[in-house]
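Enquirer: Kindly return the folded structure for what I paste below:
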Amino acid sequence: MAEALSRIGAVLESAKEVTMEATSSSSLKPGLDGSYRPRDVKRFLNSKHEKEKLSGMKAIASMISTGKDASEYFPEVVKNASAETLEVRKLVYIYLLRYAEQESDLALLSINAIQKSMGDNNPQIRAMAIKVLSGIKVPSISAIILLGIRKCIVDLSAIVRRAAAVAIAKSYELDPTNLETLVGYLSTLLADKSFYVVGTAVQTFGKICPDRLYLLHPSYRRYCSMLSDIDEWGQICVLDVLTRYVRVYVSKGRMVPKKKDTFYSDDEDEGNDANKSNEPSEEDFVIDPDLELLLASAKPLLQSRNAAVVLAVCRLFNSLVPEADLTFLGPPLVRLLASSDDIKYIVLSNIVVLALNNQDLFAPYLKYFYVFPSDSTKVARLKMEVLTLSCSEDTVSVVLSELQYYAKSVDKILVAEAVRAIGRCAQISKPIAHRCLRWLLKQIHSTDHVLVGESLTVIRYIIQMDPSSHLKTVAKLAAALDKATVPLARASIIWLVGEFAGTARTIAPDVLRKCAKTFTEEDEITRLQIVLLAAKLYSYRVEEKINDGTFVESEVTPRFTAEESEIADNEVDEALKPTVERAPDPFDLLFDYVMLLARYDVSYDLRDRARLFKSVLSSSSTAQIAKLLLQAPKPSPHAPSPSESRAKFDLGSTSLMFGMAMVGYRELPPWSTEVPDASIRDETPQTQEDLPEPKEKKIRKAVRKVEKAAIAAANKKSSKAKKSAVKKAVKTEKPSAKKVIKEVRKVKKPKEDYHVTLDEFFGEPAKPVENDEESEESEEEEVEIEIEVSEEEAASESEDEDSEEDSEDSKEDSEEESTEESDDNDDGDGYEEHTDNDEEDEEDEEDEEEEEDSSEESDEAGKTLLNR
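Expert: The predicted structure is shown next:
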């Protein structure tokens, strides 16, 4: 009957669980708008069943992923910080990472549970625990965070150590006064052997102490060797830090004369003595071995799929060896042009800066910079800039044909940029300038106002580069003035005629006569140029009259007074009309007419200029000032590349993209003139050879004695004799063996390879990789450590021994120890410096006495030593 009732109870419990699961699955279904009812979510979070808690946390996670605010569930989530289920704890930590900063006071309730999680067997739980702890922005817990970091930096799992590196940066943001302590922790992580940890540690180094480059001395070469194994974003930080390190602590590359082969020197000297003075000496680019190691390690990263890594490598080469042949940087950068528009724009901005310093770098890849209809305006502008920077005598035909095609586009911005690019190509050489000028002159009669205006602007620049050889070009432009309708084009032609007013004396007055007729119909920019042309021509006229002695001060005074301006209203006073003593000069009348028109113009700027020119040209005393003002030679114009102002910034930086120094931008340090010795980058040898030779000999001697005693005891036939012999042999050499064990603990472990196994990565310690040269020392270390292990194993089996043998052995041990301790005190071999205090030594000796009382302990020690 009882069995039947128990079975019925079990069935009811299983049915209850099934019902609860069905209820939970049905109640947690989101509504039509995709939201959950807060009442149901809180009920599941407060449930006693782990499955319900997991369902509630999944609902919150879905809310966070869709961008909804889930901060109202913070108290309920904090209660589950110590949940038994691993999935629930992970979701709780994710939630705390998201909302701990907003609800910092409530997050303090979970600190105890988080601290317990740091001792969890799962390395992922330990890593998330230190992340959450450091993410709570409460200054009062900074000491607790430091304790957690100190524990995690020596964790066996690389995941936890990496999380500790992230926590160091967060702790510094929380309390900057702990900088020195955090730098000490960070130095431990910088020396880590795992590439998984190094990338994050270097990122933290760049945040909290980027100027303490001396911390990288022993790790420089190791970083170079593991560079290809670090994660992509860690590679960017490591490359940046190593670039700065090299500029400070490594010598700069230099050019040295190339050594010639002297095997055939006698034959060469006989035939080439006459030509030696004319031949340039060949040179080689020599760099430091450590710099060469970095360059060789970074070059394979040019094949990375991450555009930021490729740009970081290009920055490294451009900053460290700009004099070297960098043609290999072209293909990786061109490959990135197949990316999205945003990445393409960033890459093109850096390509332009590289092309400014090395114009031949992208000359073989011009076809990759052709503008496509799908390209945005900013991308098209940069592509045309690269085409002009890579243009040379050999490629000018291809580049100009492309730019001329773009100038006929329907996109007005693209047309203007194409014409300006043609003007920049004209600066390469005179033949190219004449070729560009012929094409631009044909565009003056175009119906595209933008094309005409930009073409005349570029023509003006080309003429200014060599004014004496373009007199006929000015005549052609003057003849085309009647057909030009664009205000900017007409203004440019009039300005060019005015620049040649001193040489084209027959062209400029006729142009002024035509423009005076249409003065009131012209645009303001054109009227300004007409007034300037009149002033320039009259300045030459005044200079001639002063030289001839026919200049009269009154000639430049106004022909009509203010009262005579009422002639238009037919109220002329005959008595106020000027008395003309001689026939007026037609050009003087033309100048007065233009100045009169400008005097009553609606533009105040035009009126002020007319008044200035009138006053300067009114007397001979100011004629020299007018000459300097109007006839001063203009410098030859130079149209720089639009991105030339960005060349001072580092490749890949945000400041280069915006063309201005952004917040947080740090320039590269200058090359150091006093470079320290390269031995500072040698890693400290971590072998037993570091011990002093006398002490090493004593250790080996003590080990041999213990081995001989154990072997002799193992060869005894009688078990009783065997027990006593081994006891006496071991206890006779006990002080020496004890010292050996202590010395072995102090010996540094042999150098390990930085590559970790999967077991070590996820928390299981892997066996260190030892070199062949250290095989003998490692064997000795294993033997010595095995002695200690055998004693500990024997301690667990010593409880079953006879009481009589224990009492006898303890008496003998006490007598022998008293004599041996007195002998040890007399010895001055230097081992006392490494011992602990007296109380700890006595406790250790008592424990060892109890362990050595059993015969099984001696048997095990002898067998293990024989096996070794």
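Enquirer: use CA for all of it now, contacts and neighbours both
Expert: Noted.
Enquirer: what about His470, how many residues close to it?
Expert: Neighbourhood size, His470 [other C-alpha atoms under 10 Å]: 15.
Enquirer: From Asp229, how far out is it?
Expert: 63 Å (C-alpha to C-alpha, to the nearest Å).
Enquirer: Lowest mean pLDDT among the helices and strands, pick that one out for the protein.
Expert: The helix or strand of the chain with the lowest confidence, counting by mean pLDDT, DSSP states H and E, is helix 775-797 at a mean of 40.
Enquirer: all strands for the stretch 251-400 of the chain, in order.
Expert: In the stretch 251-400 of the chain, the strands defined using DSSP state E, counting those that start in this stretch lie at 254-257, 283-286.
Enquirer: Least reliable of those by average pLDDT, please.
Expert: Mean pLDDT values for the strands of the stretch 251-400 of the chain show the minimum at strand 254-257, a mean of 66.
Enquirer: Count residues in the vicinity of the nearest residue to Ser376 once chain neighbours are set aside, would you?
Expert: The shortest distance from Ser376 to any non-neighbouring residue, by C-alpha to C-alpha, 6 or more residues apart in numbering, is to Asp341 (7.7 Å). Counted with other C-alpha under 10 Å, residues neighbouring Asp341 total 15.
Enquirer: residues contacting Asp341?
Expert: 375-376, 379 (C-alpha atoms under 8 Å, 6 or more residues apart in numbering).
Enquirer: do Leu96 as well
Expert: Going by C-alpha under 8 Å, 6+ apart, Leu96 touches 107, 132.
Enquirer: State the helix or strand in which it lies.
Expert: Under the criterion of DSSP states H and E, Leu96 resides in helix 86-99.
Enquirer: what's in contact with the helix or strand that that helix is followed by?
Expert: Using DSSP H and E, the next helix or strand after helix 86-99 towards the C-terminus is helix 104-107. Helix 104-107 is contacted from outside by 74-75, 78, 96, 100, 136-138, using C-alpha under 8 Å, 6+ apart.
Enquirer: For burial, what's the neighbour tally of the closest residue to Leu295 other than its chain neighbours?
Expert: Distances taken as C-alpha to C-alpha, 6+ apart place Phe317 nearest to Leu295, at 7.4 Å, with adjacent residues excluded. Phe317 has 20 neighbours, counted by other C-alpha under 10 Å.
Enquirer: shouldn't Phe317 be in contact with Leu294?
Expert: No. Phe317 sits out of contact with Leu294 when judged by C-alpha atoms under 8 Å, with a separation of 9.9 Å.
Enquirer: How much space separates Ile287 from Leu354?
Expert: For Ile287 relative to Leu354 (C-alpha to C-alpha), the value is 22 Å.
Enquirer: Tell me the one among the contacts of helix 104-107 nearest to Ala535.
Expert: Within the contacts of helix 104-107, proximity to Ala535 (C-alpha to C-alpha) peaks at Lys137, which comes in at 72.4 Å.
Enquirer: Now for the residue nearest to that closest one when sequence neighbours are not counted: which residues touch it?
Expert: Residue nearest to Lys137 in three dimensions, not counting chain neighbours: Glu101, with 5.6 Å by C-alpha to C-alpha, 6+ apart. By C-alpha under 8 Å, 6+ apart, the contact set of Glu101 is 135-137.
Enquirer: got the phi/psi numbers for Glu101?
Expert: Dihedral angles of Glu101 (phi, psi; degrees, to the nearest 10) stand at phi -70, psi -30.
Enquirer: picking up where we left off before, could I get the contacts of helix 104-107 as JSON lines with pLDDT, secondary structure and distance to Ala61?
Expert: Output for these, formatted as JSON lines (pLDDT from 0 to 100; DSSP: H, G, I helix; E, B strand; the rest coil; distance: C-alpha to C-alpha, whole Å):
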{"residue": "Phe74", "pLDDT": "85", "secondary structure": "helix", "distance to Ala61": "13"}
{"residue": "Pro75", "pLDDT": "84", "secondary structure": "helix", "distance to Ala61": "16"}
{"residue": "Val78", "pLDDT": "85", "secondary structure": "helix", "distance to Ala61": "15"}
{"residue": "Leu96", "pLDDT": "85", "secondary structure": "helix", "distance to Ala61": "11"}
{"residue": "Ala100", "pLDDT": "79", "secondary structure": "coil", "distance to Ala61": "15"}
{"residue": "Ile136", "pLDDT": "83", "secondary structure": "coil", "distance to Ala61": "20"}
{"residue": "Lys137", "pLDDT": "82", "secondary structure": "coil", "distance to Ala61": "22"}
{"residue": "Val138", "pLDDT": "81", "secondary structure": "coil", "distance to Ala61": "25"}
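Enquirer: Sweet, I'm off.
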